[in-house]
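In: Dropping a prediction and its sequence here:
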Amino acid sequence: QVQLVESGGGLVQAGGSLRLSCAASGRISTTNTVAWFRQAPGKEREFVAAITWNAGRTVYADSLKGRFTISADKAKNTVYLQMGSLKPEDTAVLYCAASAGVLSTSRIGYRYWGLGTQVTVSS
C-alpha cells in the first residue's frame, strides 16, 4: 500500500501563489508516477500535472502550462505543485495520486489517492 497526504492548500487572492505538497509513504518503490488532479465544485475531477519519480519527466494539462510547476524530491518522498497567477476558477480540491505506470493524464491507472487539499482563490 501507498499512502499520500496533501498539504499546503488554503485561501489566496487572485494573482497569488501557493505551493502544495504530497507526502508519500509505504511501498513507494511500487510507484513510478505521481500526479495532481483537481475537482471544482460541480465539476468532474481533471488532470493537472504528473511527474515520474526517477527520470523526473513531466506532463501538464495544456490549460495550466506556464502557471503550474510540478517537481519531486525523492529524498523526502514528496511531490510539489507550485501554482502561480492563481485565478478564482482555480478554486478546487487538489488531489495527489500515484501509479505504477507511465506518465498519464487519465485517472485510470492511478491506484492510490490522497484525501485532497482545498485551494480557494478569491477575486
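Out: Ah, there it is.
In: In space, what's closest to the residue most central in space within the chain - neighbours in sequence excluded?
Out: Centroid check for the chain by C-alpha atoms, centre = their mean gives W36 as the closest residue, at 2.2 Å. The shortest distance from W36 to any non-neighbouring residue, by C-beta to C-beta, 6 or more residues apart in numbering, is to V48 (4.2 Å). Yep, even glycine has a C-beta here, placed from its N, CA and C like the rest.
In: residues contacting the one you found?
Out: Residues counted as contacts of V48 (C-beta atoms under 8 Å, 6 or more residues apart in numbering) are 35-38, 60-61, 64, 68, 70, 81, 94.
In: which two from those end up farthest apart in space?
Out: Maximum pairwise distance in the contacts of V48, criterion C-beta to C-beta, is 14.2 Å, between Y60 and L94.
In: the more surrounded of those two?
Out: Neighbour count, other C-beta atoms under 10 Å: between Y60 and L94, L94 has more, with 23 against 19.
In: a strand runs through the more buried one, doesn't it?
Out: Yes: when DSSP: H, G, I helix; E, B strand; the rest coil is applied, L94 is found to be in a strand.
In: who does it bridge with?
Out: For L94, the beta-bridge partners under DSSP bridges are R38, T117.
In: Show me what stretch 115-123 is in contact with.
Out: By C-beta under 8 Å, 6+ apart, stretch 115-123 touches 5-14, 16, 18, 20, 38-39, 83, 86-95.
In: Can you select the buried ones from these in PyMOL?
Out: Here is the PyMOL command that picks out the buried ones among these, judged by 16 or more other C-beta atoms under 10 Å:
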select buried, resi 6+8+9+12+18+20+38+83+86+90+91+92+93+94+95
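In: which residues sit in contact with S25?
Out: Taking C-beta under 8 Å, 6+ apart, we find S25 in contact with 2-3, 5, 77.
In: And the nearest residue to Y80 once chain neighbours are set aside, how far from L20?
Out: Nearest residue to Y80, sequence neighbours excluded (C-beta to C-beta, 6+ apart): S71, at 4.9 Å. As for S71, its distance to L20 is 11 Å (criterion: C-beta to C-beta, to the nearest Å).
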